[in-house]
Structures are given as C-alpha cells and as structure tokens.
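Asks: structure here, sequence nowhere to be found:
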C-alpha cells in the first residue's frame, strides 16, 4: 500500500473523485431521474443529509470510503480480476456496488462511479487511491448539499455548466492516469482480456 504513495499522480485521485461526484449528480439531475423517482427525494435524501456537516464528513468522507473500498474494490474487484478479464471484473463489482445502495438513483450513480473507482484501483494497484477518490466524492457531495454557497449548482444553468466542466476534468485526469500508467503493454491488455 505504501508503494502507491511513491507515485505522485495518486493525488490526482482527489480531484477525480470531486469531479465525478458533481458530474454524475448533475447528469442525474439534468436527465430528470429525480422526477421519475420522487421517493428518493422524499425519503432517501433527507436521511443521507441529516447529520451535521462535521459528522457527515467524518462518516461519509472517512469511515464509509475505507469500508466500501475494502469490500468492493479490494475484495470483490481485486479477487474477480484474477478469474476473468479485468474490465468484466470492474463491471461486475460496480453493478454489485450499485445494487448494494438499494435504490435506482444510487444504483445508477454508484455503478458508474464504481467503474471509476475500479480504474483508479487498477491504475495504482491498490486500495489507497480508490479510498482517496471515494472520500473526495463523498465530501464534495455532502458539502455541496449542505452549504448555501453552492446553491448555484441547483439551478439548471449551474447543473449544465458544472456537469460539462466536471466531465471534461474527469476525462483529462483519467486519460493522463491511463497514458502515464504501466508501459508494459501486457499489463494494459490484462485490463481487457482474462489474466491467464
């Protein structure tokens, strides 16, 4: 795990997580999924954001990412990729991650976010980077929901602008991480093909 920190690019996992949280949340808002599933807004969201800011950051920004990354990336994804193509393991573990969240909105969000977390785990060969990515995403989600300064993100203009900017930022960070990743082409092939 400590070897991951020798690669300074690991710190890019933090802005990647922040951008992913905003981009995916705004995408869900823009396509109108919250209107299709009003029970999520009425029942689930209030429970998620009922803690004070500091307690919410501790729970969702530290405790939850460590537990979920250990289970879903290290245990599920890390083990599955030994028996199947890494991409298939990423999709499978991400779908399980989405189902675990228990409702359709979070299923879509968590499944897509799970793919990003699997990429980061794979890129840095360990759970530390995916914990950073997950922590950053959860903290940004919690802070932007509770701090009035970020109310612009709730307007349609704010949703569209922030979604475009954050998807672009995600694209460039992922591209950079991939292109500066393992130079051994056999390692890259393992991401697509079974590791036999």
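Replies: Arrived safely. Since the model is a prediction, treat every value here as computed from it, not as a measurement.

Asks: so which helix or strand of this structure has the lowest pLDDT on average?
Replies: Every helix and strand of the chain was ranked by mean pLDDT, DSSP states H and E. The lowest is helix 185-192, at a mean of 52.

Asks: which residues are in contact with the helix or strand harbouring residue 165?
Replies: Element membership of residue 165, judged by DSSP states H and E, is helix 156-179. Identification of contacts with helix 156-179 by CB atoms under 8 Å, 6 or more residues apart in numbering yields 9, 12, 15-16, 19-20, 22-23, 26-27, 29-30, 116, 119-120, 123, 152-153. Placement of C-beta: from N, CA and C, glycine included.

Asks: just the buried positions in that helix, please.
Replies: Neighbour-count burial for helix 156-179, counted by 16 or more other CB atoms under 10 Å, picks out 158-159, 162-163, 166-167, 169-170, 173-174, 177.

Asks: which of these lies closest to residue 38?
Replies: Nearest to residue 38 among the buried residues of helix 156-179: residue 159, at 18.0 Å, using CB to CB.

Asks: and the closest residue to that closest one other than its chain neighbours, what does it touch?
Replies: Sequence neighbours aside, residue 26 is the residue nearest to residue 159 in space, at 4.6 Å (criterion: CB to CB, 6 or more residues apart in numbering). Going by CB under 8 Å, 6+ apart, residue 26 touches 153, 159-160, 162-163, 166.

Asks: now do the contacts for the residue nearest the centre of the chain.
Replies: Centroid check for the chain by CA atoms, centre = their mean gives residue 113 as the closest residue, at 3.5 Å. Each residue near residue 113 by CB under 8 Å, 6+ apart is listed here: 20-21, 24, 94, 97, 137.

Asks: buried members of these into PyMOL, please.
Replies: Buried residues among the contacts of residue 113 (16+ other CB under 10 Å), as a PyMOL selection:
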select buried, resi 20+21+24+94+97+137
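
Asks: what's the most distant pair in the contacts of residue 113?
Replies: 21 and 94 (15.7 Å).

Asks: and stretch 27-46, end to end?
Replies: 20 Å (CA to CA, to the nearest Å).

Asks: ok, residues contacting that stretch?
Replies: Contacts of stretch 27-46 (CB under 8 Å, 6+ apart): 103-106, 108-109, 156, 159-160, 163, 167.
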